[in-house]
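Student: Sequence first, then the predicted structure, then my questions.
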Amino acid sequence: SPRKNLSWCPSSLSCRPHAVDSPQQQMAPARKRVRTTPVLKEDGRENVSLDDNVRHDTPVAPTCDSASALSSGDGARRSKRERCGVHRFVAGPATGDSHSYESAKFHLVPANGWHRFVWGMGCHALNTIKWKGELPLPTAPRASCWLLPATDDMAVTIARRRPQLLAAGWQLLTSDEEVVERLSNKAALARYAVQINMMHSLPQHFSTPEEALYPCILKAAIGEHGKNVHIVRSAADAIAIATEGYGSDWLLQELVPGSVEYAVSLLVRDGVIADAVSTEYHYDKEEYVWPHAEEVGRSTSSKIPPKHLDTMRRFLCEYTGVCNFNYKVRPSGELCIFEVNTRVGADLACDVPRKRARAFFEKLDGLRALRSLSSHAVQSGHA
């Protein structure tokens, strides 16, 4: 049977061993399952580089059948390259303890197929723990090890279980649970935008299918990676998907055309943006719901227009943590924000050039971690 690494919680938490897959197992298939198909290159062709796995301003070449990639339902990675099977990737040159659970500086949870990419940053980041919030809690493998959310649900869980996770030795960069939920829940985000007079930075919302302007977007209030998001072209289309719950469980909102979409990852401390990196995605359609569109180009930049940063900052009062804004830019130059993800996004984990992503995580490591049970009492978080 596969070898498991075991971590233990403090006895006061009455926890059992928590198993994680060996990172070597996630990064390299067993010998009998090794394929002869060459590994993908940074631009979608063969022989991937361990350095920057994305080229700036370079079109992404098709690497797999479009229909199968778009209908797979994976959605964990944004680009077509990433929607190809992660099992095709092979381990990098690093060996031994460098890949171990115990030597990691950053653990992104839960494991969702990003490990090959986050390890490529070269800052001892892993995505191997299969913990999804249940008991027993995992314990930190060593001092100064960060536990970071890779899903919206996990972001809420970490905020809720902050005292126990701090007691288990983890470094955390998180906020109060209600602050996390008001950003990550799309219905709550709309209500919050009304409170801070920022609804003009969100798509127009409709209360009922009868008053909507079609075509428009119907999406679940809670969800990620394009799940439960639909383009509807009539009230009948909307009602066929959801008969009730508009404004709470479901949102009807304006369909904003445009083939260019932005994902900006932010490092935030008490509402202050400490670092930001933007990924600009180009698609082959003006109207689409990702991932049901072909990515035809991509570029990354740290030079984000101050007006964009000011708009995002308005939503981040009281927020601490990593987050991701997904938006388009209207012809007027105003942002139209589709969602805020209170976690490490696929753009940062997989698409941002590895050297730039590493700098982001190193800056995170330089922030003071939340070390007490109070959200305001902090001490040094340097490794």
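Tutor: Structure's in. What do you need? Numbering: from 1, shown residues only.

Student: What ranges does the stretch 201-350 of the chain have for its helices?
Tutor: Taking DSSP state H, counting those that start in this stretch as the criterion, the stretch 201-350 of the chain contains helices spanning 235-241, 306-314, 346.

Student: now do the stretch 51-200 of the chain
Tutor: Counting by DSSP H, counting those that start in this stretch, the helices of the stretch 51-200 of the chain are 66-70, 80-83, 115-119, 152-160, 162-167, 177-184, 186-195.

Student: returning to that earlier point: return the most buried member of the helices of the stretch 201-350 of the chain.
Tutor: helix 346 (a mean of 27; mean count of other CB atoms under 10 Å). Any C-beta I mention is one placed from the backbone N, CA and C, and that applies to glycine too.

Student: and the next element down the chain from that one?
Tutor: Using DSSP states H and E, the helix or strand that follows helix 346 in sequence is helix 354-366.

Student: what's the pLDDT at Thr37?
Tutor: Here the pLDDT value assigned to Thr37 is 34.

Student: what do you get for Arg356?
Tutor: 98.

Student: just Val60 next, same as before
Tutor: 42.

Student: rewinding a little: got a markdown table for the helices of the stretch 51-200 of the chain, with distance to Glu339 and mean neighbour count too?
Tutor: Formatted as a markdown table, the helices of the stretch 51-200 of the chain follow (distance: least, CB to CB, whole Å; neighbours: other CB atoms under 10 Å):
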| stretch | distance to Glu339 | mean neighbour count |
| --- | --- | --- |
| helix 66-70 | 20 | 13 |
| helix 80-83 | 19 | 24 |
| helix 115-119 | 21 | 25 |
| helix 152-160 | 9 | 22 |
| helix 162-167 | 24 | 18 |
| helix 177-184 | 8 | 20 |
| helix 186-195 | 6 | 17 |
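
Student: Which among these is found nearest to Glu286?
Tutor: Glu286 sits nearest to helix 66-70 of all the helices of the stretch 51-200 of the chain, at 17.2 Å, using CB to CB.

Student: For Trp250, name its beta-bridge partners.
Tutor: Trp250 has these beta-bridge partners by DSSP bridges: Ala220, Tyr246.

Student: ok, now Gln171?
Tutor: Beta-bridge partners recorded for Gln171 (DSSP bridges): Trp146.

Student: same deal with Cys216?
Tutor: Beta-bridge partners of Cys216, counted by DSSP bridges, are Val232, Glu254.

Student: That one - how many residues pack around it?
Tutor: 24 (other CB atoms under 10 Å).

Student: Cool, thanks, signing off.
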